[in-house]
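Peer 1: Here is a sequence with its predicted model. Questions after.
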Amino acid sequence: MAKFDEAPIIKDPPINGILRPPDIREDASVGVKCWPSKPKDTRAIDLPTERLPDWQARGVAKLGELLERNKALRVFLDICVRCGACADKCQFYLGTGDPRNMPVARAELLRAVYRRYYTPLGRRMPQAANAADFDEEMLALWYTYFYQCSECRRCSVFCPYGIDTAEITIAAREIMAEIGVSTKYVTEVVAKVYDTGNNLGIPPAAWKDNCEFLEEDVLEQTGVPIKFPVDMQGAEVLLVPPSADNFANTETMIGYAKLFHVLGISWTTSTYCNEGGNFGLFLNFANMKKVNNRILTAARMLGVKTIIWGECGHAWRAGIFTPSLSGPMDEFDPPYPYHISQFTVDMLRRGALNGKIDKNANDQYLVTYHDPCNAARAGQLVEEPREIIRACCNRFVEMPADTIREKTFCCGAGNGLLTDEIMPIRMAGGKPRAMAVKHTGANFLATVCAICKAQLPESMHYWGVPVEVGGVAQLLGNALKL
Amino acid sequence: MSTPAALWTLFATLLIGLSYFAGVTFVLGLLWRLVGYLRTPMPYPAALTPAPTTDAGAAARVAGDVLFFPSLFKADKALWAGAWVFHVALWVILIRHLRYFTYPVPGISVAMSSVALWAGYVFGVAILFLFWRRLALPRALYVSGVPDYFALALLGLIAATGILTKYWLHVNLVDVKAFTLGLLTLRPVAPPAHPLFLVHFLLVIGLMLYFPFSKLLHAGGIFFSPTRNQPFDVQKCKKR
């Protein structure tokens, strides 16, 4: 890991795996910013290539448009009472002590602008109504702190009204995108999807090569010829993995392939859409929809019966949006949208894997499970991964109750933050999770999200937690008798 | 007519006019905000884990949130206790106040006679607690602004003046009821010439004017929160 400024990061130790809320440290992380987008990327995804001259008016107008379009935003901007229940629940506050990383204070950055332009009191008496102009200074704060939020929704769990800071952050990022203010990381990834079909920019030929390489690899390891089909017309299942599974988390990809092999189900990936992860969710609605549409288009191109989403947290969050974003899915076999963990559990419960699992295969591991924020809090995927782990591992241990299931901590890099220039924020935000993992003494940290799988090895290393990070499908793959 | 009497008549007339203005603003303002929430679409599913899978389940979840504040309980036990006591006391006080606006008085309002005044004290103590924690806890202090102190101070003053009219500077209940019923039946009569009651009443008018345009709107907005009022039914009616 390259050197970075560690000043924003609080190093105080936890108690029983839980961090105490730190004292406020004003502006602790104000200097940590994502790199701005490049014109070649923004041009490719229909966004302004630079900040518009009339950005203030355009931004305020965009906020008005979003208020008409999104109930959550409208309600959440009005009803917060600033009780502070959320204040110490955000991993970025726990890791930095920067008060603007308290969810309520982060949301107030947008609320202040909302009040200034869209409420009777804020228009007339800005000071008395906590209203503020949408000016240069405010925009700078937005750019910093709405890209120090991972839209993980943990604050929402503790809010008496369920106010979801993710909705606030999503709106602020959409307004910024509209006026020509966005980050290099997110725009680059969306541009890559339109160019190559996936977030990593793997061209079709390289994807096929990778799949063949995996076939050889598995043949060598197991002696069994297991297929990794690509663009197979008429396959039963289109698997939409995060592209990182074919590249970095190959053990997870091998797990999927072994599962389909054992079940005798024909499956394929698509080189038009070999990406579940939807970075449009971190940028703006138009791109989110466009990226999501590609999944149904790919499924129709290949004539599959059903679509299964791979192990990717925000892919699954966007996945459950699919019928709302991309239209009805009636032509496919139900259930839909369908997640690989749900599919696996259904197969387990149906007995399709009876006698085909050797639990002892994972005995070298003491496994703990990290709930990815989007899978657990937005996608209701909490029990399924645990059921799979219990079915294929003898040794499973949970982290402290306040850090798992709906109260899980974000890995620290979700929803557009997995970029190296904000490493201080990633490591600070990754601290609560790392401390909880350390507390278990586990040596295998399983999860169902590619971003978590990229961030966690780095944050675990930084915080001195000796643990291997991998997929739930990987553990299942280890245990499947071929 | 003597000068003080003329001034009193003028004041009474203004107060009656203000009462109607506040009433209309409160009702229309509230409708405007809540209808705004109602007609705004939610473009994608937003249910928060653990979500119910049916509409009935979602309704039960919202009801639970409204009645018991379970999320706040998870977040901060002291704040939960203060907030819950505050709201329950407020309900007792509101229901007890029905006796000023109805004839005959509903049984529940009569039944509360023994606890109502206590509720007033508890309400006051809860407000002091909530005010204290905003000043004493650094994180709460950081996020608190003018509107937050204002709302607590307004409610606190209403409670204080209300309790005082009951206890020390007793106001004639029959006069009050004649005044409020007169307002409600659109046959307004002069208010009781009792300074403390008039302050209490004016503060309530202020509250009604402020309510629809402030954070106090959480009282209605909570019903429209998509993370809580949506069932997770994306995979509904599918074989699983």
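Peer 2: Thanks, I have the structure now.
Peer 1: tell me, what residue is most central in chain A?
Peer 2: Nearest to the geometric centre of chain A sits A:His314, at 3.9 Å (CA atoms, centre = their mean).
Peer 1: elements contacting the helix or strand containing that one?
Peer 2: Assignment of secondary structure by DSSP states H and E places A:His314 within helix A:313-326. Under the contact criterion of 3 or more CB pairs under 8 Å, 6 or more residues apart in numbering or on different chains; DSSP states H and E, helix A:313-326 touches helix A:285-302, strand A:306-309, helix A:450-462. Glycine gets a C-beta too; all of them are placed from N, C-alpha and C.
Peer 1: Apart from its chain neighbours, what residue comes closest to the residue nearest to the centre of chain A?
Peer 2: A:Asn374 (4.7 Å; CB to CB, 6 or more residues apart in numbering or on different chains).
Peer 1: cool, and A:Gln56?
Peer 2: Spatial nearest neighbour of A:Gln56, excluding adjacent residues (CB to CB, 6+ apart): A:Phe134 at 5.5 Å.
Peer 1: Is the one you found in contact with A:Tyr117, as I believe?
Peer 2: Yes. A:Phe134 is within contact range of A:Tyr117, at 7.3 Å (criterion: CB atoms under 8 Å).
Peer 1: Give the burial count for B:Ala5, as a bare number.
Peer 2: Other residues lying near B:Ala5 total 9 when counted by other CB atoms under 10 Å in any protein chain shown.
Peer 1: Please identify the buried residues of the host helix or strand of it?
Peer 2: Element membership for B:Ala5 (DSSP H and E) is helix B:3-39. For helix B:3-39, the neighbour count (16 or more other CB atoms under 10 Å in any protein chain shown) marks B:12, B:15-16, B:18-19, B:22, B:25-26, B:29-30, B:33-34, B:36-37 as buried.
Peer 1: next structured bit after that helix?
Peer 2: Counting by DSSP H and E, the next helix or strand C-terminal to helix B:3-39 is helix B:55-68.
Peer 1: so what does the helix or strand following that following helix touch, helix or strand wise?
Peer 2: Next along the chain after helix B:55-68, taking DSSP H and E as the criterion, comes helix B:70-75. With contacts taken as 3+ CB pairs under 8 Å, 6+ apart, helix B:70-75 sits against helix A:154-158, helix B:77-96.
Peer 1: The shortest one near chain B at all?
Peer 2: Yes. Among the residues of helix A:154-158, A:Ser156, A:Val157, A:Phe158 lie within reach of chain B under CB under 8 Å from any CB of the partner chain.
Peer 1: Just send these back as JSON lines, with neighbour count too.
Peer 2: Output for the residues of helix A:154-158 next to chain B, formatted as JSON lines (neighbours: other CB atoms under 10 Å in any protein chain shown):
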{"residue": "A:Ser156", "neighbour count": "29"}
{"residue": "A:Val157", "neighbour count": "25"}
{"residue": "A:Phe158", "neighbour count": "22"}
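Peer 1: tell me which parts of the stretch 351-482 of chain A are close to chain B?
Peer 2: Contacts of the stretch 351-482 of chain A with chain B, taken as CB under 8 Å from any CB, map to A:Ala376, A:Arg377, A:Ala378, A:Gly379, A:Gln380, A:Val382, A:Arg405, A:Glu406, A:Lys407.
Peer 1: Which residues are in contact with the first one?
Peer 2: In other words, A:Ala376. Residues in contact with A:Ala376, defined by CB atoms under 8 Å, 6 or more residues apart in numbering or on different chains, are A:Val382, A:Arg405, A:Glu406, A:Thr408, B:Thr49.
Peer 1: Serialize the residues you listed to JSON lines and add fields for neighbour count and distance to B:Ala116.
Peer 2: Conversion of these to JSON lines gives the following (neighbours: other CB atoms under 10 Å in any protein chain shown; distance: CB to CB, whole Å):
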{"residue": "A:Val382", "neighbour count": "18", "distance to B:Ala116": "45"}
{"residue": "A:Arg405", "neighbour count": "19", "distance to B:Ala116": "42"}
{"residue": "A:Glu406", "neighbour count": "19", "distance to B:Ala116": "39"}
{"residue": "A:Thr408", "neighbour count": "29", "distance to B:Ala116": "45"}
{"residue": "B:Thr49", "neighbour count": "22", "distance to B:Ala116": "41"}
